[in-house]
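# Kindly return the folded structure for what I paste below:
(one chain, ligands or ions: 2)
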Amino acid sequence: MITNNHGLILPTHWRDFLSLTKPRVMTLVVFTGICGLLAAPGTIHPFIAFVAILCIAVGAGGAAALNQWYEAEIDAGMKRTAQRPLPAGRMDQASARDFGIILSAGSVMVMGLGVGWLAAVLLAVSIVYYAVVYTIWLKPRTPQNIVVGGGAGAFPPLIGWVAVTGDVTLMPLVLFAIIFLWTPPHFWALALFVKSDYANVGIPMMPVVAGEMATRRQILAYTVILTPMALMPWFIGGAGLIYLSGAAVLSLLFFALALPVGLRTSSPEDGMRPEKRLFAFSIVYLFALFGILVLDRLIAYHGVLR
Ligand code: HEM
Ligand SMILES: CC(C)=CCC/C(C)=C/CC/C(C)=C/COP(=O)(O)OP(=O)(O)O
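Ligands and ions are numbered 1, 2, ... in the order given. Next up, the predicted model:
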């Protein structure tokens with residue numbers, strides 16, 4: 001039992017600590033980290049690989065806890081986030097902050113000592129990027145917050161890759177760029193249907209500041225440039241034809257779903273179904289794209305399925 005900021009005694013369940021790590025969102029973060037690790041050329045002891053992935057998961061969770069510690073008041077004002085442990089009063093701020101610091105610092109230390117210091121530095125950069133650069137600096141200030149801030153979520157495959165190879169080459173930078181360009185359509189599709197939430201708490205998300213139409217055009221623009229980047233692993237010789245075909249089909253589908261969202265000219269009255277569909281598919285897209293990359297690489301490196 002702990003006392004929250006309103007002086008109330010409320011039980012903090014272990015599940016509240018788990019939810020501070022945003023486990024559902026982080027599944028994709030961790031998955032792309034695993035894929036970066038599996039797609040990298042080279043070998044890594046399975047136990048060290050496990051430690052590397054655990055550190056990415058724990059570090060991302062720590063950064064998410066720090067994000068929620070800093071944003072407790074904002075979260076209280078939005079329907080989507082009001083039931084989180086801090087705004088709902090199930091946890092005090094110091095516990096969330098300390099939990100976030102311990103997970104963040106612990107994951108970087110273990111990564112450095114157990115896996116390698118380049119991977120640890122990249123993990124530290126991504127944590128600071130999400131918890132400080134995005135959350136504290138960009139998010140409350142500019143509608144470009146998620147364009148720049150999205151870089152934080154693009155680090156995991158790079159970290160996974162570096163855990164194996166120990167250095168940064170073109171291929172993991174392309175994987176970084178894919179997630180970087182994927183983030184705007186992913187988030188702005190959602191922002192279009194939760195726009196009023198962000199407006200209520202004064203967060204300058206793109207649909208709030210530039211309007212719905214400008215956001216729609218930008219979703220389309222990022223989807224268009226995402227496509228060549230998604231195919232890039234094949235062009236630079238980092239992936240084979242299995243990946244190329246999968247990436248082409250997925251990108252075509254993504255574009256087909258972004259088109260009705262991007263080309264709308266009037267305020268929709270269909271419950272924002274195309275926007276919801278695009279948001280849902282954005283998640284399937286990234287899971288599938290990275291999954292196919294791993295399949296392609298496992299076949300190339302080890303002749304799996306041969
Ligand atoms: C600055 C960049 C990003 C922003 C602002 C953003 C925002 C959001 C928001 C608001 C949600 C709704 C779910 C929730 O309430 O937490 C969501 C869902 C999700 N995001 Fe993102 N996201 C970003 C980048 C990413 C990245 C880089 C990944 C993974 C690579 C990711 C993976 C997911 C997943 C898997 C979900 C679905 C979670 C569920 O099923 O509830 N997001 N995102
Ligand atoms: C390894 C490492 C540190 C990875 C970081 C991963 C990362 C930056 C993921 C971004 C995904 C995310 C939870 C965005 C939510 O934005 P928000 O916090 O603005 O959403 P909210 O409104 O739901 O709080």
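# drop to CA atoms for contacts and neighbour counts, all remaining ones
OK.
# SS state for the residue in the stretch 151-300 of the chain that ligand 2 sits nearest to?
For the stretch 151-300 of the chain and ligand 2, the shortest gap (C-alpha to the nearest ligand atom) falls at G153, measuring 3.7 Å. At G153, secondary structure determined by DSSP: H, G, I helix; E, B strand; the rest coil is helix.
# shouldn't it be in contact with V29?
Yes. Judged on C-alpha atoms under 8 Å, G153 makes contact with V29 at a distance of 6.7 Å.
# show me what contacts the residue of the stretch 151-300 of the chain closest to ligand 2?
Going by C-alpha atoms under 8 Å, 6 or more residues apart in numbering, G153 touches 29, 126, 130, 179-180.
# And the helices in the stretch 151-300 of the chain?
Assigned by DSSP state H, counting those that start in this stretch, the helices in the stretch 151-300 of the chain fall at 155-165, 170-193, 195-200, 206-209, 212-235, 241-262, 273-302.
# contacts with ligand 2 among the contacts of G153, please.
With the criterion set as C-alpha under 6 Å from any ligand atom, the members of those near ligand 2 are 29, 126, 130.
# which of those has the most neighbours?
S126 (25 neighbours; other C-alpha atoms under 10 Å).
# need the residues of the stretch 51-200 of the chain near ligand 2, please.
Near ligand 2, when you scan the stretch 51-200 of the chain using C-alpha under 6 Å from any ligand atom, you find 56, 59-60, 63, 123, 126-127, 130, 152-153, 156.
# tell me the most buried of the helices of the stretch 151-300 of the chain?
Comparing these by mean neighbour count (mean count of other C-alpha atoms under 10 Å), helix 155-165 comes out on top with a mean of 28.
# ok, V128 to D197 distance?
Going from V128 to D197 by C-alpha to C-alpha, to the nearest Å gives 26 Å.
# circling back: among the helices of the stretch 151-300 of the chain, show the one with the smallest mean pLDDT.
For the helices of the stretch 151-300 of the chain, mean pLDDT drops lowest on helix 195-200, to a mean of 90.
# how far is that helix from where the chain is centred?
21 Å (C-alpha atoms, centre = their mean, to the nearest Å).
# before we move on, what about stretch 286-305?
Averaging C-alpha positions (C-alpha atoms, centre = their mean) puts stretch 286-305 21 Å from its chain's average.
# Using PDB, write down the CA coordinates of that stretch.
Taking only C-alpha atoms (Å, rounded to 0.1, in the frame of the first residue of the first chain), the coordinates of stretch 286-305 have been written out as PDB:
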ATOM      1  CA  LEU A 286       5.800  -3.700 -39.300                       C
ATOM      2  CA  PHE A 287       5.400  -7.100 -37.600                       C
ATOM      3  CA  ALA A 288       5.100  -8.800 -41.000                       C
ATOM      4  CA  LEU A 289       7.900  -6.800 -42.700                       C
ATOM      5  CA  PHE A 290      10.500  -7.600 -40.000                       C
ATOM      6  CA  GLY A 291       9.200 -11.200 -39.700                       C
ATOM      7  CA  ILE A 292       9.800 -11.800 -43.500                       C
ATOM      8  CA  LEU A 293      13.200 -10.200 -43.300                       C
ATOM      9  CA  VAL A 294      14.200 -12.700 -40.600                       C
ATOM     10  CA  LEU A 295      12.800 -15.600 -42.600                       C
ATOM     11  CA  ASP A 296      14.700 -14.400 -45.700                       C
ATOM     12  CA  ARG A 297      17.900 -14.100 -43.800                       C
ATOM     13  CA  LEU A 298      17.600 -17.400 -42.000                       C
ATOM     14  CA  ILE A 299      17.200 -19.100 -45.300                       C
ATOM     15  CA  ALA A 300      20.100 -17.300 -46.800                       C
ATOM     16  CA  TYR A 301      22.500 -17.900 -43.800                       C
ATOM     17  CA  HIS A 302      21.500 -21.300 -42.700                       C
ATOM     18  CA  GLY A 303      19.500 -22.900 -45.500                       C
ATOM     19  CA  VAL A 304      16.600 -23.200 -43.100                       C
ATOM     20  CA  LEU A 305      13.600 -24.800 -45.000                       C
END
